[in-house]
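**Student:** Task: produce atomic coordinates for the following.
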Amino acid sequence: MTKRHTYYLRIGFLLAIGLTSFAAIAEDEVARVIPSDSSSRISSFKLNEKEFKVRSTQLASGATQEFIVLEGTYPKPDWGLIWKSRRVPLESDGHFKLAVPVTDRAVNVELVAVGPRGEVEAEMIRLYVPKKALAKTEGKSQSASDRKKVPRKKITLSPGLGYSIISYRETDKPNYSETALTAKITYSNVLFKPNWTYGISGYFTALPVTVTDNTQARFLGLNLRVGYSLPGIREPWRITLFGGWYYTTMFVSPQDFGFRNMAGPQLYPVFRRSLNNGNSIVAYFKYSPVSDQSSILSFSNHELAGGGAYVIMLNNGHPLSLTLDIAKMHMVIKDRVADSESIVDTHSISIGASYGI
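**Tutor:** Below you'll find the predicted structure:
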């Protein structure tokens, strides 16, 4: 073998090593789809590739976040493709791109397809991420801004507005009815993780629209509740049992009728069903025996209420609730000065909306 042949062999050997190293480096930056033995599939769903490059971006906090972009097609215009309770945008031909954060070497992407008649299909995409692809963020200390951050509790403040139809009857008084705009507000927070919560809510007849005999009646109600979510109930269902205190009163102009300063305990179970599109349906029931300060609490004096909401999770992460509330109150009010009693019955129905801040 001549020197020239030896020289070419050395060059070829070095090139082979270089290409192998380059391929190894490229492989280290690629996430691969792991074949699944599950029979659960989304029909007509297809990924364009089986390997996806691991990319990185810098967050506002200064930390680095690795991610991959899944590309594929889902040519079913009447169906919705859902990931993490969010609809995946689809182009006219069904093409989509989905950015998935990478925080571990094993990445699971659970997709759900919902049909126009409520049909549901699901598929789990499992990806393997090489260790070197995460080396950019592993072992890094937190930035100063990250260290200053303190995890916050989940707090929801929901102002709302409803249109109410109200009727009021009292012994020896003319029947009264009105329609009105009712302002509502609800505050909720975690009391003890993971099952205990508490909330404060209130309503007020903000603007009477139509009234009887030029008389305006306004209703005020305040609720203070503590709730416990039953641990044996699994998602998508959730049942929370609330108990607490209820206060209600009326403001009437001119003051010809009405009740004042009624209060008592309350029982308030709430049922929630989460949907595959990220929205949810909520129903509740309320029972509250009430009395004024001069009377002993009686179960015959009570408010019964029930209702529900369809909660829409908006793209900005805030809930929009479409609500329906129905309430009935029955009370026997004693007038110790006149040595008489009056029977009071109220009925109301309200439809409205609230927005979670």
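**Student:** Could you use CA atoms for every contact and neighbour count after this?
**Tutor:** OK.
**Student:** Leu181 is in contact with Ala206, correct?
**Tutor:** Yes. Ala206 lies in contact with Leu181 (CA atoms under 8 Å); the separation is 5.8 Å.
**Student:** Look at the two and report which has more neighbours.
**Tutor:** Higher neighbour count among Ala206 and Leu181: Leu181, with 19 against 16, using other CA atoms under 10 Å.
**Student:** quick one: that one is in a strand?
**Tutor:** Yes. Assignment of Leu181 by DSSP: H, G, I helix; E, B strand; the rest coil places it within a strand.
**Student:** Kindly state the beta-bridge partners for Leu47.
**Tutor:** On the basis of DSSP bridges, Leu47 is bridged to Gly72.
**Student:** so what's it up against?
**Tutor:** 70-73 (CA atoms under 8 Å, 6 or more residues apart in numbering).
**Student:** do the same with His330
**Tutor:** Contacts for His330 (CA under 8 Å, 6+ apart) come out as 300-303, 343-346.
**Student:** let's see 6 Å
**Tutor:** 301-302, 344-345 (CA atoms under 6 Å, 6 or more residues apart in numbering).
**Student:** who are the neighbours in contact with Ile42?
**Tutor:** Neighbours of Ile42 in contact, by CA under 6 Å, 6+ apart: 121-123.
**Student:** please redo it, this time with the cut-off set to 7 Å
**Tutor:** 113, 121-123 (CA atoms under 7 Å, 6 or more residues apart in numbering).
**Student:** Adding pLDDT and secondary structure, write the residues you listed out as CSV.
**Tutor:** Shown next, in CSV, are the contacts of Ile42 (pLDDT from 0 to 100; DSSP: H, G, I helix; E, B strand; the rest coil):
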residue, pLDDT, secondary structure
Ala113, 89, strand
Glu121, 89, strand
Ala122, 88, strand
Glu123, 89, strand
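**Student:** quick one: low-confidence parts of this protein?
**Tutor:** 1-29, 36-39, 58-64, 132-155, 293-295, 336-338 (pLDDT under 70).
**Student:** Ser300 - how many residues pack around it?
**Tutor:** Neighbour tally, Ser300, other CA under 10 Å: 12.
**Student:** same question, Ile296
**Tutor:** 9.
**Student:** do the same with Val270
**Tutor:** Each residue near Val270 was counted by other CA under 10 Å, and the total is 19.
**Student:** Do I have it right that it meets Gly243?
**Tutor:** No. Using CA atoms under 7 Å, Val270 is not in contact with Gly243, being 10.8 Å away.
**Student:** picking that back up, list just the nearest of the contacts of Ile42 to Phe52.
**Tutor:** Among the contacts of Ile42, Glu123 lies closest to Phe52 (CA to CA), at 18.3 Å.
**Student:** so where do the helices sit in this structure?
**Tutor:** For the chain, the helices defined by DSSP state H occupy 3-28, 144-148.
**Student:** if I pick the nearest residue to Ser44 once chain neighbours are set aside, what's in contact with it?
**Tutor:** Leaving aside its chain neighbours, Ser44 sits nearest to Tyr74 (6.0 Å; criterion: CA to CA, 6 or more residues apart in numbering). Shown in contact with Tyr74 (CA under 7 Å, 6+ apart): 44-46, 94-95.
**Student:** try it again with 6 Å
**Tutor:** 44-45, 94.
**Student:** ditto for Tyr163
**Tutor:** Tyr163 touches 180-181, 350-351, counting by CA under 6 Å, 6+ apart.
**Student:** okay, these in CSV with distance to Phe192 next?
**Tutor:** As requested, the contacts of Tyr163 are exported to CSV (distance: CA to CA, whole Å):
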residue, distance to Phe192
Ala180, 38
Leu181, 35
Ser350, 32
Ile351, 32
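**Student:** ok, these vs Val311, which is closest?
**Tutor:** Ile351 (13.8 Å).
**Student:** any idea how far the closest one is from Gly199?
**Tutor:** Distance, Ile351 to Gly199, using CA to CA, to the nearest Å: 21 Å.
**Student:** same check, this time on Phe96
**Tutor:** 41 Å.
**Student:** now Thr179
**Tutor:** For Thr179 relative to Gly199 (CA to CA), the value is 28 Å.
**Student:** what do you get for Gln255?
**Tutor:** Distance from Gln255 to Gly199, by CA to CA: 33 Å.
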